[in-house]
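Q: next one to model:
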Amino acid sequence: MKSKKPTKKNDATEVKSKSFSTTTVDPYEAGIEIGEALREIQPEVILLFTSIHYDFSELFEAIYSILGTREVVIFGGTGDGIYETGRVSSHGIAGLGINGGGKIHWPLAVRTDAHQDPFRCAQECARELLSKSKESIAAAFVFADLTCDGVKVVEGVASVLKAPFIGGLTGDDWQFKKGFIFANGEVYQNAVGILGMSGEFSFAMNSASGWKPMGKTGIVEESHGNVIGYIGGKKAVDFIEEQFGMPPAEAALGVISLAVYETEQFEHFFLRTSREFNLESGEITCFGSINTGSPVRLCNATEDDVLAGVNEALAGTGELGFVPAFAVVISCGERKWLLRDRVSEETNRLFDTLGKKIPLVGFSSFGEIGPFRRKDGSFTTVFFHNVSYVVLLIGPTK
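A: Modelled structure (predicted):
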């Protein structure tokens, strides 16, 4: 779609980009490394993802001091790990510098107090973004911390922003306690942040998981947000046990998920992973809500299936029609947990599909945000996902 350790650099096109990562523990030294690596392309924007243990004031002080200006937009957050062209790690910092030659515009908005009313917070954030943009937004990044209701955040943004967007919930080192959002050197909690993109560039995006639906379809007959009571005339726990063949509590976290069908003709589904089984009430609590009346099917996945999700996401982007200058990926922390020492294969598969390495950045999230791309090149509505892989490729217009 068009709109008016090692380091990998790409400056052969109008969109210059460069990614870099470090596992240096000292925040100031790490910031110096990031700044020195990215300043040569004079970035207009830096997408920055880190593990949560850093002193962020020192980190940003160092980055800005090396760049020599605070005009550079910096946006990102914390996660359970980082992705970069030369590194996939549970700890460290990954940054992607982008210079669109003045042809890409980057409006940024942040709103706090998301816990109280995440829909309204996200809606107001999107309205603020539009008020700052001189052109129509073509695509966007949306981040909120893990304590926010991701479904409501997506619905709030989508009620205002008609362009497709990707993102995720920021988090910590698998502690499920907090996550931070970065915006121009400031650190936010209990917030929604949106970075818009407008101007002259081409992009492709898609979402996939690799999980395989199994068994029969059931209709969610009772749900209260992310607590599911009855499916297909049975208590939710009993429905899952009947389809899976064993008590769901015996399965590893993330292996058993529900495919939720809310798009046309069952073409796409998003996932909900269970976080708690109440054997007494028969309810299951998921990492995200499911509407009453939604058709669902039980899903399962092997390590190979999880990795195949990357290929599915990329295959769904269709014929690109442009040369990607860089990639941004959001991959669930549960995928990393399930893949263990194979997690770097996600990045390798992306490069194998593209036929080369390009600058790449991303993080291990606590909930993923993105649309599905239809066969005709249009996008579905944006969904909040679990255990999924979301990819965005950006390059110059032809």
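Q: please make it C-alpha for all contacts and neighbour counts, starting now.
A: OK.
Q: any idea how far residue 114 is from residue 125?
A: 10 Å (C-alpha to C-alpha, to the nearest Å).
Q: and the host helix or strand of residue 18, what does it pack against?
A: Here residue 18, judged by DSSP states H and E, is contained in strand 16-22. The helices and strands touching strand 16-22, judged by 3 or more C-alpha pairs under 8 Å, 6 or more residues apart in numbering; DSSP states H and E, are strand 8-10, helix 27-38, strand 82-84, strand 93-99.
Q: which secondary structure element of the chain has the lowest mean pLDDT?
A: The helix or strand of the chain with the lowest confidence, counting by mean pLDDT, DSSP states H and E, is strand 8-10 at a mean of 53.
Q: adding distance to residue 262 and mean neighbour count, write the helices and strands packed on strand 16-22 out as CSV.
A: Formatted as CSV, these follow (distance: least, C-alpha to C-alpha, whole Å; neighbours: other C-alpha atoms under 10 Å):
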stretch, distance to residue 262, mean neighbour count
strand 8-10, 39, 20
helix 27-38, 42, 21
strand 82-84, 30, 30
strand 93-99, 34, 28
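Q: about what we covered before: common neighbours of residue 125 and residue 114, please.
A: Common neighbours of residue 125 and residue 114 are listed as residue 192 (criterion: C-alpha atoms under 8 Å, 6 or more residues apart in numbering).
Q: show me which of these two is the more surrounded one.
A: Taking neighbours as other C-alpha atoms under 10 Å, residue 125 and residue 114 compare with residue 125 leading, 25 against 22.
Q: in terms of helices and strands, where is the more buried one?
A: Residue 125 belongs to helix 118-132, assigned by DSSP H and E.
Q: off-centre distance for that helix?
A: 19 Å (C-alpha atoms, centre = their mean, to the nearest Å).
Q: ranges for the strands of the stretch 201-350 of the chain?
A: 201-208, 212-224, 227-231, 234-235, 257-260, 270-278, 283-286, 295-300, 326-332 (DSSP state E, counting those that start in this stretch).
Q: distance check, residue 211 against residue 41.
A: Taking C-alpha to C-alpha, one finds residue 211 at 39 Å from residue 41.
Q: neighbour count: these two, which is higher?
A: Per other C-alpha under 10 Å, whichever of residue 211 and residue 41 has more neighbours is residue 211, with 27 against 16.
Q: pretty sure that one sits against residue 309.
A: Yes - between residue 211 and residue 309 there is a contact under C-alpha atoms under 8 Å: 7.5 Å.
Q: ok but residue 77 is inside a strand, no?
A: Yes - under DSSP: H, G, I helix; E, B strand; the rest coil, residue 77 falls within a strand.
Q: name the next helix or strand downstream of the helix or strand harbouring residue 352, please.
A: According to DSSP H and E, residue 352 maps onto helix 344-354. Following helix 344-354 in sequence order, the next helix or strand is strand 360-365 (DSSP H and E).
Q: returning to what we had before: looking at the helices and strands packed on strand 16-22, which is closest to residue 242?
A: strand 82-84 (37.7 Å; C-alpha to C-alpha).
Q: now that closest one: average pLDDT?
A: On average, the pLDDT along strand 82-84 is 98.
Q: any idea how far the helix or strand that it is followed by is from the middle of the chain?
A: As assigned by DSSP H and E, the chain's next helix or strand after strand 82-84 is strand 87-89. The chain centre lies 16 Å from the centre of strand 87-89; the measure is C-alpha atoms, centre = their mean.
Q: what's strand 87-89 packed up against?
A: For strand 87-89, the elements it packs on are strand 82-84, judged by 3+ C-alpha pairs under 8 Å, 6+ apart.
Q: export the strands of the stretch 201-350 of the chain to JSON lines and tack on distance to residue 96, mean pLDDT and mean neighbour count?
A: Shown next, in JSON lines, are those (distance: least, C-alpha to C-alpha, whole Å; pLDDT from 0 to 100; neighbours: other C-alpha atoms under 10 Å):
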{"stretch": "strand 201-208", "distance to residue 96": "16", "mean pLDDT": "96", "mean neighbour count": "26"}
{"stretch": "strand 212-224", "distance to residue 96": "33", "mean pLDDT": "94", "mean neighbour count": "17"}
{"stretch": "strand 227-231", "distance to residue 96": "38", "mean pLDDT": "97", "mean neighbour count": "23"}
{"stretch": "strand 234-235", "distance to residue 96": "47", "mean pLDDT": "96", "mean neighbour count": "18"}
{"stretch": "strand 257-260", "distance to residue 96": "32", "mean pLDDT": "94", "mean neighbour count": "26"}
{"stretch": "strand 270-278", "distance to residue 96": "28", "mean pLDDT": "91", "mean neighbour count": "21"}
{"stretch": "strand 283-286", "distance to residue 96": "33", "mean pLDDT": "93", "mean neighbour count": "22"}
{"stretch": "strand 295-300", "distance to residue 96": "34", "mean pLDDT": "93", "mean neighbour count": "22"}
{"stretch": "strand 326-332", "distance to residue 96": "9", "mean pLDDT": "98", "mean neighbour count": "27"}
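Q: could you dump those strands to JSON lines with distance to residue 161?
A: Formatted as JSON lines, those follow (distance: least, C-alpha to C-alpha, whole Å):
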{"stretch": "strand 201-208", "distance to residue 161": "16"}
{"stretch": "strand 212-224", "distance to residue 161": "27"}
{"stretch": "strand 227-231", "distance to residue 161": "28"}
{"stretch": "strand 234-235", "distance to residue 161": "38"}
{"stretch": "strand 257-260", "distance to residue 161": "24"}
{"stretch": "strand 270-278", "distance to residue 161": "21"}
{"stretch": "strand 283-286", "distance to residue 161": "27"}
{"stretch": "strand 295-300", "distance to residue 161": "27"}
{"stretch": "strand 326-332", "distance to residue 161": "20"}
